[in-house]
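Q: sequence below, structure please.
(one chain, ligands or ions: 1)
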Amino acid sequence: MKLVGAGYAVPHWPEQWPGGGRSLAEQKVIYEELARADSPRLLLSFVSTYHAASTLMECGSDEQRARYLPAILRGETWCQGFSEPGAGSDLAAIKTKAELRGDHYVVSGQKVWSTMAQYADKCLLLVRTSSDGPKQAGITFLLMDMKAKGVSVRPINQIQGDEEFCEIFLDDVEVPVSDRVGEEGKGWVVAQTTLSSERGLTLMELSYRMKGALNRAADLIRQNKRQDDVGVLREFGKLVTQVDAACAIADKFLENRIGGVERIGDASIVKNSYSSALRAYAAFGVNVGGIEEQYRAPITFGDLNTGNWMADFMNSYAWTIAGGSEEVQRNIIAERMLEMPREPKSWVL
Ligand SMILES: Cc1cc2nc3c(=O)[nH]c(=O)nc-3n(C[C@H](O)[C@H](O)[C@H](O)COP(=O)(O)OP(=O)(O)OC[C@H]3O[C@@H](n4cnc5c(N)ncnc54)[C@H](O)[C@@H]3O)c2cc1C
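A: The predicted model follows:
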């Protein structure tokens, strides 16, 4: 709330919102300064301020924007209910069904890997409203109240002991038609906006946080008295360049998005450059820190920079999958951006 009050929480929002309408240069400075101050990451609000807000701004109705955006600024938390047990990379295979009955949809099915769903007030929900025609054509995008009757959430315990994401079970949940984003059967296009925000905007902030965290890697070299180790210094040099490149790629993405010239595949490039740099960062820490580092700090949840290099190393692999796997992003870049021949079986993301 302090960031909202100071006008720094949503620099990427349009200017009619408090703190919004910042130039690219201002957004970069805000992200850099937050990283430099090592401010806690807004873990509970990244889905709401990035994914949900961008979706509503680009595809929602005026009434939906007026209803939900002020609530997001007040701290309402959202989760994303896209993936299902049989639909991840092949997201268009979702089976969660919604049937229109009067002025509301009745939704039944199951979602999985929904980040922070146990704390969420609302959910960006992809449902199937028709099984006729191409898979994508029968998908509709709804905004679901997580406290609605018939919604139950089961957190998934991870290897580090955290419960970052959850399964969501939906049993005849009623969602008003006024909470549908776009037209019925046109949810696939809306979902692309959400995914682009996840791969691009969220990772812009995280790229800058990783840049700030390079200080931690430099401290580790000093603590372990490896300042004269040419191999370590060479690796560190490579890491700095890789992280800088990830930030520059994220900058370019934002510039294109602000300028309205975002291309298919731009967000996939941000995603893959961030996730490979993050893995290199965490692997560097584990290599230089050695076995002792594994016991230095308690394992706690976070994307990076928990103070425990082993936890950061394990977490770094989450981003090879979250927001769409690296392999699938490479397919998007190859087939849809560079127009290379498609693989025989289309996985359409
Ligand atoms: C940390 C984290 C947070 C997440 N948060 C959310 C969330 O909040 N909401 C949500 O809805 N989902 C979320 N997800 C789910 C995520 O979007 C899916 O895990 C992802 O899309 C992959 O789907 P899958 O797990 O079903 O794997 P699968 O689709 O089964 O893929 C398995 C493997 O096969 C590979 N593969 C699949 N298809 C191809 C292909 N065509 N070519 C080459 N390789 C291929 C993949 O790269 C992967 O390595 C999250 C995941 C993680 C790890």
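Q: so which residues of the stretch 101-250 of the chain form helices?
A: Along the stretch 101-250 of the chain, the stretches classed as helices by DSSP state H, counting those that start in this stretch are 187-196, 203-223, 230-258.
Q: what's the angle from the last one to helix 187-196?
A: With axes from the mean of the first three to the mean of the last three C-alpha atoms, to 10 degrees as the criterion, the two stretches helix 230-258 and helix 187-196 enclose an angle of 140 degrees.
Q: same deal with the second one?
A: Taking the same axes, to 10 degrees, one finds helix 203-223 and helix 187-196 inclined to each other by 30 degrees.
Q: tell me which residues in helix 203-223 are buried?
A: Neighbour-count burial for helix 203-223 flags 203-214, 216-217, 220-221 (criterion: 16 or more other C-beta atoms under 10 Å). C-beta here means a position set from N, CA and C on the backbone, and glycine is covered the same way.
Q: tell me which of the helices of the stretch 101-250 of the chain sits nearest to Leu73.
A: Smallest distance to Leu73 across these (C-beta to C-beta): 17.0 Å, for helix 203-223.
Q: what's the closest one packed up against?
A: Where contact means 3 or more C-beta pairs under 8 Å, 6 or more residues apart in numbering; DSSP states H and E, helix 203-223 is packed against helix 24-36, helix 230-258, helix 266-293.
Q: export the helices of the stretch 101-250 of the chain as TSV, with columns for mean pLDDT.
A: Formatted as TSV, the helices of the stretch 101-250 of the chain follow (pLDDT from 0 to 100):
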stretch	mean pLDDT
helix 187-196	94
helix 203-223	90
helix 230-258	94
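Q: ok, which of the ones you listed comes nearest Ser48?
A: Comparing these by their distance to Ser48 (C-beta to C-beta), the top pick is helix 187-196, with 11.8 Å.
Q: can I get the helices of the stretch 101-250 of the chain in JSON lines with distance to the ligand?
A: Converted to JSON lines, these look like this (distance: least, C-beta to the nearest ligand atom, whole Å):
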{"stretch": "helix 187-196", "distance to the ligand": "9"}
{"stretch": "helix 203-223", "distance to the ligand": "12"}
{"stretch": "helix 230-258", "distance to the ligand": "18"}
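Q: circling back: just so I know, which of the helices and strands packed on helix 203-223 lies nearest Ala93?
A: helix 266-293 (19.8 Å).
Q: relative orientation of the closest one and helix 187-196 in degrees?
A: Using the same axes, to 10 degrees: helix 266-293 against helix 187-196 is 40 degrees.
Q: helix or strand next in line after helix 266-293, which one?
A: Sequence-wise, the next helix or strand downstream of helix 266-293 (DSSP states H and E) is helix 309-316.
Q: which helices and strands sit right next to that next one?
A: Packing contacts for helix 309-316, counted by 3+ C-beta pairs under 8 Å, 6+ apart, involve helix 266-293.
Q: the helix it packs on: which residues count as buried?
A: Buried positions in helix 266-293, judged by neighbour count with 16+ other C-beta under 10 Å: 266-286, 288-289, 293.
Q: mean confidence for it?
A: For helix 266-293, mean pLDDT rounds to 92.
Q: pick out the residue closest to the middle of this structure.
A: What sits nearest the mean C-alpha location of the chain, by C-alpha atoms, centre = their mean, is Glu198, with 3.6 Å.
Q: how deep is the residue nearest to Asp172 when sequence neighbours are not counted tucked in, by neighbour count?
A: Leaving aside its chain neighbours, Asp172 sits nearest to Gly150 (5.0 Å; criterion: C-beta to C-beta, 6 or more residues apart in numbering). Number of residues near Gly150 (other C-beta atoms under 10 Å) recorded here: 14.
Q: residues touching Gly150, list them.
A: Gly150 makes contact with 107-108, 170-174 under the criterion C-beta atoms under 8 Å, 6 or more residues apart in numbering.
Q: nothing else from me, thank you.
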